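Chemist: Build me a model:
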Amino acid sequence: MTTDRSLYAWFADTARRHPDAVALEVADTAHTYAGLRELAERLARRLTAEAGGVPPARVGLLAGRTLTAYAGYLAVERLGATVVPLGTGFPVARNAAIAEAAALDLVLAEPGCDTAGLPVPVLTADPEAESATEAAEAPLPETAPLPDDTAPLPDDIAYILFTSGSTGTPKGVPVRHRNVAAYLTHVIDRYGLGPGDRLSQTFDLTFDLSVFDLFAAWGSGATLVVPHDHDLVAPVRYVNRERITHWFSVPSVVSFAMRLRNLAPGSMPTLRRSLFCGEPLTAAQARAWQAAAPGSVLENLYGPTELTLSCTQYRFDATADLGEGDTVPIGEPYPGLDALVIDEDGHPATEGELCVRGVQRFPGYLDPRDNAGRFVEHTGGRAIVVTDCPEQPGEELWYRTGDRVRRDPAHGLVHLGRLDQQVKVRGYRVELGEIEAVLRSRPDVRDAVVVAVPGPRGESRLMAAYTGDTAEPGPLLDAVRERLPGYMVPDAVTRFESFPLNTNGKIDRRAIGQVLAPARRPARPLTSTHE
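Modeler: Numbers count the residues shown, from 1 in each chain. Model (predicted):
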């Protein structure tokens, strides 16, 4: 298994072998591997010049599905630096907090982004607007040399992603080059990727699964095909127009297409592989997509950011009996990974919390304080939670996913839900406590609870409840929008005079969820007043 190749080296090796092959199609323009490499190297020199002639160590990337995003990602990796994706749809305060927590040296942004509140220098670039003639007329100074393109070591950090944190502060998850190399070695071979294949690009760069889109394509010689905005709600049209061979998205895309009656049997004949991850995949979703793409092998993947994109796989068979429940199993771990299931007391069990260790496990959170309680030591017998965790947890430790699973003799691991208040919204990991912390920061709010309720298409919808003096929930939602991404903003806020309690005297979240679920909402919720 390859673990010593840097993320940029995957692209550079392909560019040397297939310089004239198309690496990227974006905004109706095709870019060859040689052309994209030239753009990346020019951007890398500009970043070095912006940083005073010395390659920066960490660079924020503030760009959507534009050439700046793709050439920029490669440019940062070309320098041996760490990419830290920022969200074009995030509030400026959120991006500023990430920039400060990640200790960024500078930010590379596409034109039009709001960068006024960022605490580091910003380089705005539009590679598409820089023609070869312009580049020749404005050569970069010789004080911006590039390091050798194999400069990063396997244990250097390739990228850092920030996930929702239960304490109200996002958690930085660094991923090493060797973590990604092990992942790419497995998936490129498993999905038969190579020149001539055409991959979808449905994930934002702030979503770790985007690394598959970019580097499984560029590490194999395939073409990354970037959709237009309207394509994300019409996957069949996009797949057929662009002759997509490999699809990867969250399962909610399937539900949306089903609701619009766009998944006719046999409607996607070009697809050879269909991958889903980020949310539970239902059997109904899988069967509908499989019928629409009968020539495609469909797999359900699972994995938190801390285990490098995805770490288990299950090949779907529409004729197989999945047993109880309506979700597709998550299957077996990837090569080089070990899975341990423990009960509440830490003993190995058939059903309980999933813990994983191996070549794809991250080296520990950016803030070492976040490591406490997230790893277990297991040498046989009972697993022991490591509360006094070192800054870089040893390779022998298992990462606690917080996901409850069951071992099934026929299907491997079956996902049963979470052990905490973490939920998935459009595939993004959301800690309800982070939203609650924002609401509680308001002076007129005494307490706040956020719950996830089923939407009309089975997706998770966030609903908030609070107690306090204000009778105007609108400003509360505005406060959330100012600090959190759009997918973390509740659909509605309900005021309660007091929260219902369970038999243990704790806030009864289940009862609040039943009140706030749109299909079952009564005229007046329990002892609350609904604003």
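
Chemist: Now do the contacts for the residue lying closest to Pro55 once chain neighbours are set aside.
Modeler: Once its chain neighbours are removed from consideration, Pro55 has its nearest residue in Leu79; the separation is 4.3 Å (CB to CB, 6 or more residues apart in numbering). Every residue, glycine included, has its C-beta placed from N, CA and C. Residues in contact with Leu79 (CB atoms under 8 Å, 6 or more residues apart in numbering) are Ala44, Leu47, Thr48, Pro55, Pro56, Val59, Leu146, Pro147.

Chemist: Tell me how far the fourth one lies from Ala234.
Modeler: Distance check for Pro55 against Ala234: by CB to CB, to the nearest Å, it reads 42 Å.

Chemist: Same drill for these two, tell me which one is more crowded.
Modeler: Neighbours per residue, other CB atoms under 10 Å: of Pro55 and Ala234, the larger number sits with Pro55, 21 against 17.

Chemist: Now do the contacts for the more buried one.
Modeler: By CB under 8 Å, 6+ apart, the neighbours of Pro55 are Ala44, Leu47, Thr48, Leu79, Gly80, Ala81, Leu146, Pro147.

Chemist: again, only using 7 Å
Modeler: Counting by CB atoms under 7 Å, 6 or more residues apart in numbering, Pro55 makes contact with Thr48, Leu79, Gly80, Ala81, Pro147.

Chemist: element containing the first one, please.
Modeler: With the criterion set as DSSP states H and E, the secondary-structure element containing Thr48 is helix 33-50.

Chemist: And the next helix or strand past the helix or strand of the chain with the lowest mean pLDDT?
Modeler: Every helix and strand of the chain was ranked by mean pLDDT, DSSP states H and E. The lowest is helix 132-137, at a mean of 48. From helix 132-137 onward toward the C-terminus, using DSSP H and E, the following helix or strand is strand 157-163.

Chemist: Check the spacing between the residue sitting nearest the centre point of the chain and Val250 real quick.
Modeler: Geometric centre of the chain, nearest residue: Phe207, 2.6 Å, by CA atoms, centre = their mean. From Phe207 over to Val250 the distance is 9 Å, taken as CB to CB.

Chemist: tell me, what's touching the two both at once?
Modeler: Looking at what touches both Phe207 and Val250 (by CB under 7 Å, 6+ apart), the common residues are Gly427.

Chemist: quick one: the helices in the stretch 151-300 of the chain?
Modeler: Assignment of helices within the stretch 151-300 of the chain using DSSP state H, counting those that start in this stretch yields the ranges 177-190, 210-211, 217-218, 235-242, 252-259, 283-292.

Chemist: what's the closest of these to Val376?
Modeler: Ranking the helices of the stretch 151-300 of the chain by distance to Val376, with CB to CB as the measure, places helix 177-190 first at 19.5 Å.

Chemist: What residues sit buried inside the closest one?
Modeler: Residues 177-188, 190 are the ones in helix 177-190 that count as buried (16 or more other CB atoms under 10 Å).

Chemist: What's the mean pLDDT across that helix?
Modeler: Within the predicted structure, the mean pLDDT of helix 177-190 is 98.

Chemist: quick one, that helix and strand 157-163 angle?
Modeler: Direction vectors for helix 177-190 and strand 157-163, defined by axes from the mean of the first three to the mean of the last three CA atoms, to 10 degrees, enclose an angle of 90 degrees.

Chemist: Tell me which other helices or strands helix 177-190 touches.
Modeler: Using 3 or more CB pairs under 7 Å, 6 or more residues apart in numbering; DSSP states H and E as the contact criterion, the neighbours of helix 177-190 among helices and strands are helix 7-17.

Chemist: The helix it packs on packs against which elements?
Modeler: Using 3+ CB pairs under 7 Å, 6+ apart as the test, helix 7-17 ends up in contact with helix 33-50, helix 67-78, helix 177-190, helix 217-218.

Chemist: Tell me the gap between the third one and the middle of its chain.
Modeler: Remark: helix 177-190 is offset 17 Å from the chain centroid, using CA atoms, centre = their mean, to the nearest Å.

Chemist: can you dump the C-alpha coordinates of that helix into CSV?
Modeler: Listed next in CSV are the C-alpha coordinates belonging to helix 177-190 (Å, rounded to 0.1, in the frame of the first residue of the first chain):
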residue,chain,number,x,y,z
HIS,A,177,-0.2,12.9,3.4
ARG,A,178,0.2,9.2,4.3
ASN,A,179,-3.4,9.0,5.4
VAL,A,180,-4.6,10.2,2.1
ALA,A,181,-2.1,8.1,0.1
ALA,A,182,-3.4,4.9,1.8
TYR,A,183,-6.9,6.0,0.9
LEU,A,184,-6.2,6.9,-2.7
THR,A,185,-4.2,3.7,-3.2
HIS,A,186,-7.3,1.7,-2.2
VAL,A,187,-10.1,3.6,-4.0
ILE,A,188,-8.4,4.2,-7.3
ASP,A,189,-7.8,0.4,-7.7
ARG,A,190,-11.2,-0.6,-6.3
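
Chemist: what residues does it touch?
Modeler: By CB under 7 Å, 6+ apart, the residues outside helix 177-190 that reach it are 1-7, 10, 152, 154-156, 158, 211-212, 215-216, 219-220, 308-309, 334-336, 359-360, 362.
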